[in-house]
Structures are given as structure tokens and as C-alpha cells.
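S.K.: Turn this into a model:
(chains A, B, C and D)
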There are 2 protein chains.
Amino acid sequence: MLLDEPPRERADAARNRLKVLAAAARLFREKGVDGVSMDAVAAEAKVGKGTLFRRFGDKSGLAVALLDERERELQEAVLTGPPPLGPGAPAADRLGAFVDAYLDHLLDHLDLVRMSETASPGARYRIGSYRFWCRHVAILLTETRPGCDAGPLAHALLAPLAAEHVTALTGEYGRARARQALRTLALS
Amino acid sequence: MLLDEPPRERADAARNRLKVLAAAARLFREKGVDGVSMDAVAAEAKVGKGTLFRRFGDKSGLAVALLDERERELQEAVLTGPPPLGPGAPAADRLGAFVDAYLDHLLDHLDLVRMSETASPGARYRIGSYRFWCRHVAILLTETRPGCDAGPLAHALLAPLAAEHVTALTGEYGRARARQALRTLALS
DNA sequence: CCACAAAGCGGACTATAGTCCTTTTAGGCC
DNA sequence: GGCCTAAAAGGACTATAGTCCGCTTTGTGG
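M.R.: Next up is the predicted model:
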């Protein structure tokens, strides 16, 4: 049997996708993620609202699309990059490195990630990359805590890395203490 | 110097507060928390929208008011109730008992708590009871993990107890495994 | 009992996410 | 090139949270 090819993206669709991503990036940079409405993005991209929502589903989908490239880099570093983040180091070291690297990424794009996680209820747990991190952490946990129930424990360990929680935590204690607490929790 | 008394609540205000709470409780029971709009609550209570928002601030404030009594009970059990939840037991036992008791409470009112935590961004971290749990957990942590930075660590331990996270966790793994994972994290 | 200031009330108004349906357009086929 | 179908576009429409401000009620002091 043949794999049926995914139907090619139509030319107008591709054009508009790029227009929207460029417009969104520009507006978010200028006015901050929270100060930009979907209407504003559509207007800036010179595209109808329907088009915007058809393509990205909702606000969180737009954020995910904007974060996509950066997130891929991090995923590749984890899968095939140098230790301790990539394979080759002891699991505990990899876990610590993951927390550090994820926090770096998160703190660089805090508002955007928060939008991707909170735009709709439960959004965080449906994002593809969350699933990826979950599996990664679960695999490491089977080594650092043999016999534990790695699936739910991985979820629980990722919970304090949610954008909204990290925002609150760093706001109250600063980045250094927040980072240390998150590492401690993962490694204890 | 005298403590200046807080000005007494006016009769009409008290009447309306009770009408709103009763109406909200009724509607939430009948249609589910997510199926009820603030307009509907105002209409059911026969009160203007302005009154509703003036009194409760926002949707999360209404949820907090409805949860208030139940939450007080739990707080009292922690402060003055019998061990292991209350004082007298070793800190580790109290921490485990707290996780169990909080989960019982949470699972009984999952939708309402989720509304109280997610109606506005950062709502969870502003609720009075969250502050209370945070302090409680921090105090226990200074005993179970001497020398740790208890403040941020307590926050991080509470993160996986957020209603939205527990909803996702129990949905994927069921209550027993979710509970076990949360206990494990707190006690390790 | 009355006047009056302050607290409270209510609903029209705004802002914004997300839906629906009609019209337009791309691009394969003759 | 002209036709035809399915995808895509667009923008009016809905639902809902939250704001604002002129009107009403309370309760207090004369």
C-alpha cells in the first residue's frame, strides 16, 4: 500500500500563514503578548479573523506555532546533542541539565509559553512538546528512581515548570532560588 | 489608638450576597460549573451584573466565596485537629496526610477549585488559602529536609496539586496512581 | 420625621475569543 | 484557455467577562 501523501498546502494558505506569523511576531515584540488581541493580529496580517482561527485553532495554537522552531532545537539537543543534556551522561545529570535548559528556554519566552499553556483550559497537556518532555522525564526517572511509577511522576515533576507557576515563583523569590528549588525537587 | 472598626455591611448588601451565593450554588449543581455564565448567576439571583462583580471581584472570587467554608474546615484540621494531619505527628507523616486530605478536598470540588484558580491569570497564587498551604508545607519541609530552601520548594510541591494539573493527571492515570505519585514527590 | 451623604445597585457598554456561512480562489482536467 | 470542485478566505455574528456611571437605598444626625 502507498502512503497517501498529505495534500499539498495551497499557495494562498501558505502565503497567509507566513503573513500571520510575521505579523504576530512583530506585534508581540512591540506591545507584549498580553497586549495584542487576535483581531489585532488579523488586522496587522491583513487577513480575516476566520482565516486566523481556521489555521491556528485558537490563541494557544498561534503561540505554539511561534515557539515551534525554538522548541525543536531544544528537543534535538535532548535527543542527539552533547551530554549532559543529550544522551551519554548519567540519568540524574541529564535530569538536572533538562531542568536548567528548559528553564532557560522558558524564561526567554515566558509570556508566549504562558499563552500557549493557558489560552484554553487544559491546553498545556495537549501540546505535542509537553508530551515529549513528559516521555523524556519518565525515561530518566526509571533510572534515577528504579521501581517508581514514572508516568504520573513525570507529570508531577513537570507541573512546577508550567509558565504560570514559574512566573509566580521567580516573581516572589528571584530566578536563582526558583531554579535551585526546581532542581532540588527533580533530583531528590 | 483605637482599631477603627470595619464598617458594618449594609442590609441590602448582605441580602444580595446571600442571594448570589445561593443562586450560584444551585446553578453550579444543576448545570455544572463550566456551563454557567456570570450573567446567568446574576439573573438567577435577580441582581444586576454590577452588583455581582462589585461584591466578588471576578469569577474566581465567586468560586473562592463558595469554597470558603469547606476550606476553613480543612485549615482548622491542619492547625488544631488530630494527628497525623494536625500537630503532634512527625513532619513527614503530616506532609503525607496533608497531600491526602488536600486531594480528597480537591477531588470533591474539582471544577469549582479549577474556576477559582484559573478564572484570571495568576489567580491561584493570590488566593488566601494558597498562601496558607504554602506556609504550612514550608514549615513541614524545614523538618523533613533540613537546610533546604523551604519557601520556593513549598511552592514547587504545591504546583502539581493545582486543580488543572490534577484533572489531567487523574484523567490519564486514575486517582490511585495520581495520588501515589503526588505523595511520592512530597515525601522523597 | 426629614435631609443628606455615602454605600450600594443595575444594566447598558466595551473588549475579546471563537463560530458560521457565503463568496472567492487555486489548481487539476479537458 | 475555460470549467469545476474542494479548499480557503473573510467578516458579520454570538457568547461572555468585566467596566462605568447615573439612580436608589440605607441609616444617621438634627
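S.K.: What are the contacting residues of the biggest helix by length in chain A?
M.R.: Scanning chain A for the helix with the most residues, using DSSP state H, yields helix A:163-187. Residues from elsewhere that reach helix A:163-187, judged by C-beta atoms under 8 Å, 6 or more residues apart in numbering or on different chains: A:92, A:95-96, A:99-100, A:103, A:106-107, A:110, A:113-114, A:116-118, A:144, A:157, A:159-161, B:121-122, B:124-125, B:148-149, B:151-153, B:155-157, B:159, B:162, B:185. The way it works is simple: take the backbone N, C-alpha and C, and place the C-beta from them, glycine included.
S.K.: which stretches of chain A have low pLDDT?
M.R.: Residue ranges of chain A with pLDDT under 70: A:1-7.
S.K.: can you pull the contacts of residue A:120?
M.R.: A:58, A:59, A:60.
S.K.: Apart from its neighbours in sequence, what residue is nearest the second one?
M.R.: Leaving out its chain neighbours, the residue that sits closest to residue A:59 by C-beta to C-beta, 6 or more residues apart in numbering or on different chains is residue A:119, at 3.9 Å.
S.K.: Could you report the neighbour count for that neighbour?
M.R.: Number of residues near residue A:119 (other C-beta atoms under 10 Å in any protein chain shown) recorded here: 18.
S.K.: quick one, what contacts it?
M.R.: Here residue A:119 is in contact with A:58, A:59, A:60, A:63 (C-beta under 8 Å, 6+ apart).
S.K.: Now the buried members of those residues.
M.R.: Buried members of the contacts of residue A:119, scored by 16 or more other C-beta atoms under 10 Å in any protein chain shown, are A:59, A:60, A:63.
S.K.: Turn those into a markdown table, including distance to residue B:33.
M.R.: Below are these laid out as a markdown table (distance: C-beta to C-beta, whole Å):
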| residue | distance to residue B:33 |
| --- | --- |
| A:59 | 22 |
| A:60 | 21 |
| A:63 | 26 |
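S.K.: And those residues, which is closest to DNA strand C?
M.R.: residue A:59 (3.9 Å; C-beta to the nearest atom of the strand).
S.K.: do you know how far the closest one is from chain B?
M.R.: 13 Å (C-beta to the nearest C-beta, to the nearest Å).
S.K.: can you check residue A:89 too?
M.R.: 21 Å.
S.K.: How about stretch A:102-120, which residues are buried there?
M.R.: In stretch A:102-120, counting by 16+ other C-beta under 10 Å, buried: A:102-103, A:105-107, A:109-110, A:112-119.
S.K.: right, and out of the residues you listed, which lies closest to residue B:70?
M.R.: The shortest approach to residue B:70 among the buried residues of stretch A:102-120 belongs to residue A:118, at 25.8 Å (C-beta to C-beta).
S.K.: Quick check: chain neighbours aside, which residue is closest to that closest one?
M.R.: Per C-beta to C-beta, 6+ apart, closest to residue A:118 is residue A:164, 6.1 Å.
S.K.: swap in residue A:115?
M.R.: residue A:63 (4.3 Å).
S.K.: is DNA strand C contacted by the helix or strand hosting that neighbour?
M.R.: Here residue A:63 sits within helix A:59-80, counting by DSSP states H and E. Yes. Interface with DNA strand C: helix A:59-80 contributes residue A:59 (C-beta under 7 Å from any atom of the strand).
S.K.: And the contacts of that helix?
M.R.: A:20-21, A:24-25, A:28, A:33, A:38, A:41, A:52, A:56, A:85-87, A:98, A:101-102, A:105, A:108-109, A:112-113, A:115-120, A:123, A:127-129, A:132, A:136.
S.K.: Among these, name the ones in helices.
M.R.: Short answer: those in helices (DSSP H) are A:20-21, A:24-25, A:28, A:38, A:41, A:52, A:56, A:98, A:101-102, A:105, A:108, A:112-113, A:115-118, A:123, A:128-129, A:132, A:136.
S.K.: now, which of these lie close to DNA strand C?
M.R.: Applying C-beta under 7 Å from any atom of the strand to the ones in helices among the contacts of helix A:59-80, those adjacent to DNA strand C are residue A:38.
S.K.: So residue A:101 sits against residue A:84, correct?
M.R.: No. With contact defined as C-beta atoms under 8 Å, residue A:101 does not count as touching residue A:84 (9.7 Å).
S.K.: So which of those two has more stuff around it?
M.R.: residue A:84 (19 against 16).
S.K.: Isn't residue A:137 up against residue A:161?
M.R.: No. Using C-beta under 8 Å, residue A:137 is not in contact with residue A:161; the gap is 9.6 Å.
S.K.: Enumerate the residues of chain A near chain B.
M.R.: Within chain A, the positions near chain B by C-beta under 8 Å from any C-beta of the partner chain are A:114, A:118, A:121-122, A:124-125, A:145, A:148-149, A:151-153, A:155-157, A:159-160, A:162, A:164-165, A:167-169, A:172-173, A:177-178, A:180-182, A:184-185, A:188.
S.K.: Pull up the residues of chain A that are close to DNA strand D.
M.R.: Going by C-beta under 7 Å from any atom of the strand, the residues of chain A near DNA strand D are A:7, A:9-10, A:12-13, A:15-16, A:46-51, A:53-55.
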